[in-house]
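Sequence and predicted model, in that order:
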Amino acid sequence: MKLSTERILTTHVGSLPRPQEVVDYLFAQDRGENYDPVKFDQAIRAGVLDALRKQVEAGVDVVSDGEMGKISYATYIRHRLTGFEGDSARPTPQDLEDFPGYRDQLVSAGASAKYQRPVCKGPIAVKDLEPLKNDIARMKDGLALVKAQVKATEGFMNAVSPGTIAVFQPNEYYPTHAAYMQALADAMRSEYETIVNSGLLLQVDCPDLAMGRHSRFRDMTDDEFLRAAAVQVEALNHALANVPSDRVRMHVCWGNYQGPHTHDLPLAKILPIVLKAKPQALLLEGANPRHDHEWEVWSSQKLPDDKILVPGVIASSSNFVEHAELVSQRIIRYAGLVGRERVIAGTDCGFGTFAGFGPVYPEFCWLKLRALSDGAELASQKLWGKVSSAA
């Protein structure tokens, strides 16, 4: 994984707005409806290439396929693993339950984004790796085209963590949470290793370590949740046993939705557990009003020597487009505490968390990514004392 040795590099969390044709195919697949697999592949492939080109045009250094082949970052797994059946209730975050009028308004706004959250009712095992191999092929083909224009660009691919699968897909088969985690870790190992062996960076999405507290596990005490989170990190590390840490990124967030977030667990409370995870790069929310202040955590918490920090300096649940000066200020704060070489500028979360639904108007996404790159350039000028240029 490249470091910011000459300038502040930029990336984002992964998901991007999907074209309507892609959304339609993803929902047809998820519902088990008939669709033309050739046209499905063509639509996804075109969506990936368009997303890659727009990322490069916006100046992003480490790019993704936008999760074009997935209906969501967590529930896509039902098509790749055995043991999952039917659908389950959506656990509403506690901060939204506190305000039912607002909760209902938010749910209504996303009514069209109906996707299945199955239940674990049988043994978990790898069912089909072809969807993953297709995602990788589309990503690498598209990346080869954009690399002809920008040689410095790296590519990453998202995959859900064992703990996040448990947040979205409740367990009714395994006797304990730990047993469920073990089974999920064993099953996800193939996906993680396949991504890394393809030459792409792997990003594991771990909102279970933060958002999980006020959603699926909201009936636990903080201490009970932290013990469960520790089990989830152990399971993730087990799944990553054969993967080099410097080929893995890890994203932790409190939920990419517009709400008060008054039940978010403080970063300082979960950080000791998060830092035990194997991935080298740590992507954390840091731009929204509930977590913007937490950059100060790094004044007392040392970033381990083998880690890279990718703070969110662009909010992913607000339609405001950040000013480049603000982005620069945020980057410089982190660089002053952990060192400029170990900071990569990122976003709080993705811009297309669920296919066809997101809090940010799609066209604003690209303006925000441009602001990210412009802010990183300003920060680089101040941190290195020279005008930065892409490698």
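Here it is on my side, so go on.

going forward, measure contacts and count neighbours with C-alpha atoms only.
Fine.

hang on, residue 229 packs against residue 271?
No: counting by C-alpha atoms under 8 Å, residue 229 does not reach residue 271; the two are 10.9 Å apart.

The two: which is more packed in?
Legend: neighbour count by other C-alpha atoms under 10 Å for residue 229 and residue 271, higher for residue 229 (21 against 14).

Could you check how far that one is from residue 379?
35 Å (C-alpha to C-alpha, to the nearest Å).

which residues in the chain form strands?
9-10, 62-64, 84-85, 119-120, 154-160, 201-205, 248-252, 281-284, 308-314, 344-347 (DSSP state E).

list the helices and strands the third one packs on?
This means strand 84-85. Here strand 84-85 touches strand 119-120, going by 3 or more C-alpha pairs under 8 Å, 6 or more residues apart in numbering; DSSP states H and E.

Which residues does the strand it packs on contact?
83, 84, 85, 86, 87, 88, 169, 170, 171, 172, 173 (C-alpha atoms under 8 Å, 6 or more residues apart in numbering).

quick one: which of those has the most company?
Sorting the contacts of strand 119-120 by how many neighbours each has (other C-alpha under 10 Å) puts residue 169 first, at 25 neighbours.

Nearest residue to that one in space, please, no chain neighbours.
residue 119 (5.2 Å; C-alpha to C-alpha, 6 or more residues apart in numbering).

Distance to residue 261 and mean pLDDT added to the strands of the chain, as TSV?
TSV is the format used below for the strands of the chain (distance: least, C-alpha to C-alpha, whole Å; pLDDT from 0 to 100):
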stretch	distance to residue 261	mean pLDDT
strand 9-10	27	98
strand 62-64	28	97
strand 84-85	30	94
strand 119-120	27	96
strand 154-160	23	97
strand 201-205	19	98
strand 248-252	15	98
strand 281-284	15	98
strand 308-314	17	98
strand 344-347	18	98
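
what's the distance between the spatially closest residue to residue 139 that is not a sequence neighbour and residue 375?
Leaving aside its chain neighbours, residue 139 sits nearest to residue 65 (5.7 Å; criterion: C-alpha to C-alpha, 6+ apart). From residue 65 across to residue 375, the span is 23 Å (C-alpha to C-alpha).

which residues does residue 191 contact?
Residues in contact with residue 191 (C-alpha under 8 Å, 6+ apart) are 129, 132, 159.

Recalculate using a threshold of 6 Å.
Going by C-alpha atoms under 6 Å, 6 or more residues apart in numbering, residue 191 touches no other residue.

With residue 371 instead?
Counting by C-alpha under 6 Å, 6+ apart, residue 371 has contacts residue 324.

neighbours of the residue lying closest to residue 299 once chain neighbours are set aside, just the number please.
Nearest residue to residue 299 in three dimensions, chain neighbours excluded: residue 337, at 6.0 Å (C-alpha to C-alpha, 6+ apart). As a burial measure, residue 337 scores 18 neighbours (other C-alpha under 10 Å).

could you pull out the helices for the stretch 151-300 of the chain?
Counting by DSSP state H, counting those that start in this stretch, the stretch 151-300 of the chain has helices at residues 162-168, 177-197, 222-239, 267-274.

now the first one, how far from the centre of its chain.
Between the centre of helix 162-168 and the centre of its chain there are 13 Å (C-alpha atoms, centre = their mean, to the nearest Å).

rewinding a little: Throw the strands of the chain into JSON lines and include distance to residue 267, thanks.
Shown next, in JSON lines, are the strands of the chain (distance: least, C-alpha to C-alpha, whole Å):
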{"stretch": "strand 9-10", "distance to residue 267": "22"}
{"stretch": "strand 62-64", "distance to residue 267": "25"}
{"stretch": "strand 84-85", "distance to residue 267": "32"}
{"stretch": "strand 119-120", "distance to residue 267": "30"}
{"stretch": "strand 154-160", "distance to residue 267": "21"}
{"stretch": "strand 201-205", "distance to residue 267": "16"}
{"stretch": "strand 248-252", "distance to residue 267": "10"}
{"stretch": "strand 281-284", "distance to residue 267": "9"}
{"stretch": "strand 308-314", "distance to residue 267": "12"}
{"stretch": "strand 344-347", "distance to residue 267": "16"}
